[in-house]
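> model this:
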Amino acid sequence: MARRNRDTSGDEETLTVDELRGMMNKRPVQAKERTTDPAQNTQRMDAALAKCRIGVAYIDILKIKNSLLFGKYNDQPQEAREVNKLVASFKKKGILAMREATAIPIMLSGARVKTGSSLVVNFDIPDAVPQLQLKDVDNIVVSSGRHRVAALKKYSEIVTEEMARMEQRCDDITARKNLSPDHLTEFNRLRDQLDDLQGTIILMGKWGVIVYDEGEFYRCLYCATGTVAAAG
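Have a look, this model is predicted:
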C-alpha cells in the first residue's frame, strides 16, 4: 500500500508517491519551435537581405571620394588586434578582393548608381566586375567590414613605405661610381619586388562590394522580423 508523504513543516498530508508518479509528464519528447532563436532570426535576416541585393561591383577604398560610413547597422568598435590579424593575413595569403566571403556589404539607394553603369550578379568572373560609379559624393553606408577597411589602409601604408625604401636603395645603387655584379643583382631583385608590390597596391584599389538597396532593406527587414532597424 502506497504511503503518503507527510509534510514535516506541518500536519497537512501530501500526495502519495504513486499519485506523484501518475502526474509525471511521460509523453514522447517533441521538438518545440523556438520563436526567438537567434540563429533563425539571422537566417530570416539573410533571406531578407538577399531580396534587397542589387549586385556586385568594386570600389577603390584608397582613393574613393565618398566617405565610408560605419556604425549605422553594426556598431562593433574597431579593435587593433583584429586589424593586425587581417594585415598578417594579407601578407601571408595575399589580397583576395573579389570574393563573396571577403566582399564588403554596402547600403545605398539604387537611384544613386550612375546612369548607364551597371552591376553584375556575382564575382564568378573577377575581370568582369565593374567599378561602382555613383552620381554623387555622399556617404556610403557600410553595414560591416570596419576592420577589413582599416586593415587595407594600414597594409597600404606598410607597402607604400616599403616601396619607398626600395626605390631609395635603387637610387643609391644607381648613383654609385663603382658598380659590382652584386649591386646589379640587388638592383634587379629590388625592381622585381617593386613590381610585385605595385601589383598589391592595384589589388587593394579594386575591392569587391555587395550593393544592397537601403530603402528596400527596411521593407524586407520588417517583413522578415516585424521590426525596423534604427535609422541613426
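> dump the residue contacts of L190.
Residues in contact with L190 (CB atoms under 8 Å, 6 or more residues apart in numbering) are 166, 169-170. For every residue, glycine as well, the C-beta is placed using N, CA and C.
> which one of those residues sits closest to L119?
Among the contacts of L190, M166 lies closest to L119 (CB to CB), at 37.4 Å.
> not counting sequence-adjacent ones, nearest residue to the residue nearest the centre of the chain?
Per CA atoms, centre = their mean, the C-alpha nearest to the average position across the chain is that of G145, at 3.9 Å. Ranked by CB to CB, 6 or more residues apart in numbering and with sequence neighbours excluded, the top spatial neighbour of G145 is I104, at 3.9 Å.
> residue contacts, that neighbour?
Counting by CB under 8 Å, 6+ apart, I104 makes contact with 142, 144-145, 148-149, 207-210.
> where is pLDDT lowest across these?
Across the contacts of I104, the smallest pLDDT goes to S144, namely 83.
> immediately after the lowest-mean-pLDDT helix or strand in the chain, which helix or strand?
Lowest on mean pLDDT, DSSP states H and E among the helices and strands of the chain sits strand 4-6, with a mean of 52. Counting by DSSP states H and E, the element after strand 4-6 in chain order, helix or strand, is strand 13-16.
> which other helices and strands does that following strand contact?
For strand 13-16, the elements it packs on are strand 4-6, judged by 3 or more CB pairs under 8 Å, 6 or more residues apart in numbering; DSSP states H and E.
> hey, where'd the helices end up in this structure?
Remark: helices assigned in the chain by DSSP state H are 17-22, 38-52, 80-93, 146-175, 181-204, 214-225.
> just the buried positions in the fifth one, please.
Just to be clear, that refers to helix 181-204. Within helix 181-204, the residues that qualify as buried are 187, 190, 197, 200, 203-204, counting by 16 or more other CB atoms under 10 Å.
> ok so, going back, just the buried members of the contacts of L190?
Among these, those buried by neighbour count (16+ other CB under 10 Å) are 166, 170.
> so which of the contacts of L190 is the closest to F70?
M166 (33.4 Å).
> what's the spacing between that closest one and V211?
Distance of M166 to V211, given as CB to CB, to the nearest Å: 37 Å.
> okay, now the unreliable bits of the protein?
Within the chain, the ranges that satisfy pLDDT under 70 run 1-13, 32-46, 48, 74-75, 220-232.
> now with 50, please.
By pLDDT under 50, the low-scoring segments of the chain are 1, 8, 230-232.
> distance from stretch 80-98 to the middle of the chain?
Mean-position distance between stretch 80-98 and its chain equals 13 Å (CA atoms, centre = their mean, to the nearest Å).
> what's that stretch in contact with?
Residues outside stretch 80-98 that contact it (CB under 8 Å, 6+ apart) are 58, 102, 123, 126, 129, 147-148, 150-152, 154-155, 158, 200, 203-204, 206-208.
> and the residues you listed, which are buried?
Burial by neighbour count, judged by 16+ other CB under 10 Å, picks out 58, 123, 129, 147-148, 150-152, 154-155, 200, 203-204, 206-208 from those.
> between those residues, which is closest to T16?
Among the buried ones among the contacts of stretch 80-98, and counting by CB to CB, the member closest to T16 is H147, at 63.8 Å.
> ok, that closest one touching E79?
Yes: if you go by CB atoms under 8 Å, H147 and E79 touch, sitting 7.2 Å apart.
> ok, so what distance separates the residue nearest to K206 when sequence neighbours are not counted from T102?
Leaving aside its sequence neighbours, K206 sits nearest to Y58 (CB to CB, 6+ apart; 4.7 Å). Noted for Y58: a distance of 12 Å to T102, by CB to CB.
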